[in-house]
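J.: Build me a structure from this.
(one chain, ligands or ions: 2)
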Amino acid sequence: MSLFLGYEVDKDGNPTDKRLEIPAKILVRHMAAFGSTGSGKTVLAKIIIEEAAIEGIPIIALDPQGDIASLIKLADPKVIEEHGLPLKMLREYKDKVYVKIFTPASTKGLPICIDPIVFPDAKAEHEDAIRLLDNSSRTLVRVLIKVTGLPSSYESKAFAVIYELMKNYWQKEKEIKDLKHLADILVEDPLNSVDYGKYLKDAERERLSQSIRSLTIGTSELLFELGERLDITKLIKKEKGRTPINVFFLKTLTTDEERHFFISILVNRLYDWMINQGSSKKPRLIFFIDEIAPFCPSGTVKPGPKEGLKLIFRQARKYGVICIIATQSPKDVDYKAFEQMNTYAIGRITARQSREAIEHIVTAGAGETRAAKIINKLPRLEAGNFVLVSPDLKKDIQFFKTRWLLTEHETLTENDVRKLKEALISAGIIEVTTPEVTKVPEVKPEEVQPPTEAIDTKIEIEKPATMKPKEKIKDKEISKKEDILEELPTPKMSEEELETALKRPRIVGVKTPSSNEDVIAALAARLEELGHTEFGLEFLRDLVKKGQLKYPVAREWYYIEVNTALKTGLAHLEGEKLVYDFEKLLKNVMDEIDVSELNVDEHRVRKKFEKIIKSAKRANFIEYILLGRPFLKY
Ligand SMILES: Nc1ncnc2c1ncn2[C@@H]1O[C@H](COP(=O)(O)OP(=O)(O)O)[C@@H](O)[C@H]1O
Ligand SMILES: [Mg+2]
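T.: Ligands and ions are numbered 1, 2, ... in the order given. The predicted structure is shown next:
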């Protein structure tokens, strides 16, 4: 399955007749498009969307500027011919694809209701489920604070309560129907899921419940209750063989909070859907986010969708979900998002900082000399001209010019979307709806593609707003801090020493340990083994990096660790502290290495053991457990 993106360009920058086609499967390792405003990023993404949809890959696209929604408007056949494209392509698009424009919190297009309660599937892996519950509770609490004015002093306790409650319901396979239901449970919980008193006074609990309830009335209601419930399986379902392109028209959301919240929920849903599909090498879905910077910004600012997006970028390839992101301002996007992308399309870039921000990407893909040449060319590239950098392509560096679109490229306003819908209604294509109607009419796919002549609206192309992230000035400082954070979780002591210890000849089966060192090495190996139970160090390091160490994922792990340690009899509990027992560990190790009597200096072994434990840094989660310190403070 290959996607026709345009034509190769020769050394002098002139387009040739040679078509540039790329296999869809390389995009499973994700793509980022860079370029100044007007360089053609959105058009390029729309070309990929058109091609993929014709090939049967469904799309979910976030449209912050309103120019993706025009995928619903077929181009004039004359124009298509003028640009050398066969009319057959236009017909194919018309016959094989249908476009839905969702307008959150509005009935101008198709309303869509988001409900922050996402329950993992009962079959979900424990770790995945925990991540999802964690993410939904976090998102919900964030919106309660930002949208309903819940005091931020509630944050951690509200989070703990909601997380524990949801987890209990999920584990008992009981449903939480919606926000109202959650608000009810908080006041009276038949399952008694949480020791509520531990976190919230009665009045606080009542306040939290009311805060949740307030999301279901007034303007919030539009977002949370209006329209069809967001359901990925339904969204991407083919109808009579036609593949859907779902455009989320974000301009109907008026504040950053609303947009962020909406995207967070969508991302959570997508994640949940993804992990329930099981892995796939074949592309299953394209998730496109245009102008991603405000949703996944660089620095320490963490708008709602950021963590969820990064999680999706990290994991999506396993599940055949193609992520495509575009930005005019790469330095304003979290570089970790780019690290997950394997193909880059770079168009004209006029701003020096933006060129600098992508220099290392080009260098990594092209080597220093070629990279310098490419970067030099960027300011003078014409609109629609790109360099494709991808180790997955036969030619790892390829200049090309995009083909013309099969659809119009216009920036639609909310009213345009409304008129489109009205045109569809008056043509009898979709049911008449009134703003009060909360159910989206069943849109028959074969009729969704509006006849181009039914729409006669002159649309002024709005200049996309230039983004001014609030954190611009502090950016350097912030990324420095992030770097420090990155370095933190690799403690000097434990891991390195444990590793060295492990590299020593295996001790199991050795009849007579000759020295303290062997016993210590065995102890160290034992400790590491414990650290690897269930999630292992990788997972823990990940948690530390994400700053999620405190609660409740850490707690979750802590319990697993506690149980394993208790079961194996290697530790005991002191209150909530898990304390590893030197004697027991030592005995265990001795049994393992077949020694009945200790013929080494126990005092020295113990001292060394304590030293290992004590030199552990707090930042390292596993060592924190080994130290037996409580980390349930939050
Ligand atoms: N139907 C079309 N097909 C291909 N390119 C188009 C079409 N309409 C306009 N363009 C080109 O796309 C450019 C705008 O690109 P766009 O993708 O909106 O930029 P960006 O997203 O990088 O800001 C215009 O300058 C124009 O040359
Ligand atoms: Mg654009």
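J.: Stretch 46-63 near ligand 1 anywhere?
T.: No. Using C-beta under 6 Å from any ligand atom, stretch 46-63 never reaches ligand 1; the gap is at least 7.5 Å. Quick note: C-beta positions are derived from backbone N, CA and C, even for glycine.
J.: Could you tell me the end-to-end distance of that stretch?
T.: One end of stretch 46-63 to the other measures 11 Å (C-alpha to C-alpha, to the nearest Å).
J.: For that stretch, buried residues please.
T.: Of the residues in stretch 46-63, 46-55, 57-63 count as buried by neighbour count, 16 or more other C-beta atoms under 10 Å.
J.: So which of those residues sit within helices?
T.: Among the buried residues of stretch 46-63, DSSP state H puts K46, I47, I48, I49, E50, E51, A52, A53, I54 in helices.
J.: which residues touch the first one?
T.: K46 makes contact with I68, L71, L405, T407, H409 under the criterion C-beta atoms under 8 Å, 6 or more residues apart in numbering.
J.: Which members of those additionally contact ligand 1?
T.: Answer for the contacts of K46 near ligand 1 (C-beta under 6 Å from any ligand atom): L405, H409.
J.: Select from the contacts of K46 the one having the most neighbours.
T.: Counting neighbours by other C-beta atoms under 10 Å, I68 leads those with 29 neighbours.
J.: surely that one meets T42?
T.: Yes. Between I68 and T42 there is a contact under C-beta atoms under 8 Å: 6.7 Å.
J.: Between those two, which contacts overlap?
T.: By C-beta under 8 Å, 6+ apart, I68 and T42 have these common neighbours: D290.
J.: what about stretch 60-79, start to end distance?
T.: For stretch 60-79, the first-to-last residue distance is 27 Å (C-alpha to C-alpha).
J.: buried set for that stretch?
T.: 60-75.
J.: Now flag whichever of those residues is closest to P305.
T.: Closest approach to P305 among those (C-beta to C-beta): L62, at 9.5 Å.
J.: doesn't I22 make contact with S2?
T.: Yes. Under the criterion of C-beta under 8 Å, S2 makes contact with I22 at 6.4 Å.
J.: Save the contacts of K46 as TSV, and put in pLDDT and secondary structure too.
T.: Below are the contacts of K46 laid out as TSV (pLDDT from 0 to 100; DSSP: H, G, I helix; E, B strand; the rest coil):
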residue	pLDDT	secondary structure
I68	97	coil
L71	95	helix
L405	97	coil
T407	96	strand
H409	96	coil
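J.: Show me which pair in the contacts of K46 is furthest apart.
T.: Comparing every pair within the contacts of K46 by C-beta to C-beta identifies I68 and L405 as the most remote, at 11.2 Å.
J.: Up against ligand 1, what does this protein have?
T.: Residues of the chain lying near ligand 1 by C-beta under 6 Å from any ligand atom: 35, 37-43, 67, 383-384, 404-405, 409, 464.
J.: Buried ones among these?
T.: 35, 37-43, 67, 384, 404-405, 409, 464.
J.: Sort out for me which of the buried residues of stretch 60-79 are in strands.
T.: Among the buried residues of stretch 60-79, the members found in strands (DSSP state E) are I60, A61, L62, D63.
J.: For G35, what are phi and psi?
T.: The phi and psi values for G35, taken as degrees, to the nearest 10, are phi 160, psi 150.
J.: That one touches F386, doesn't it?
T.: Yes. G35 sits in contact with F386 when judged by C-beta under 8 Å, with a separation of 7.4 Å.
J.: which residues are in contact with both of those two?
T.: Shared contacts of G35 and F386, defined by C-beta under 8 Å, 6+ apart, comprise A345, I346, G347.
J.: Take these and write them to TSV, including neighbour count and secondary structure.
T.: Listed next are these as TSV, based on neighbours: other C-beta atoms under 10 Å; DSSP: H, G, I helix; E, B strand; the rest coil:
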residue	neighbour count	secondary structure
A345	26	strand
I346	28	strand
G347	25	coil
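J.: would JSON lines of those with pLDDT be doable?
T.: As requested, those are exported to JSON lines (pLDDT from 0 to 100):
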{"residue": "A345", "pLDDT": "96"}
{"residue": "I346", "pLDDT": "96"}
{"residue": "G347", "pLDDT": "95"}
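J.: Now flag whichever of those residues is closest to H30.
T.: Distances from H30 to these, taken as C-beta to C-beta, are shortest for A345 (11.7 Å).
J.: What distance do you get for that closest one to G66?
T.: Relative to G66, A345 is positioned 22 Å away (C-beta to C-beta, to the nearest Å).
J.: ok, now I114?
T.: Distance, I114 to G66, by C-beta to C-beta: 20 Å.
J.: low pLDDT regions in the protein?
T.: Across the chain, the ranges flagged by pLDDT under 70 are 218-219, 427-521, 523-580, 592-601, 608-634.
J.: hang on, N268 packs against L132?
T.: Yes. Contact criterion C-beta under 8 Å: N268 and L132 qualify, at 6.7 Å.
J.: between these two, who's got more neighbours?
T.: N268 (28 against 24).
J.: Give me the buried positions along the helix or strand hosting that one.
T.: Counting by DSSP states H and E, the element that carries N268 is helix 256-277. For helix 256-277, the neighbour count (16+ other C-beta under 10 Å) marks 257-276 as buried.
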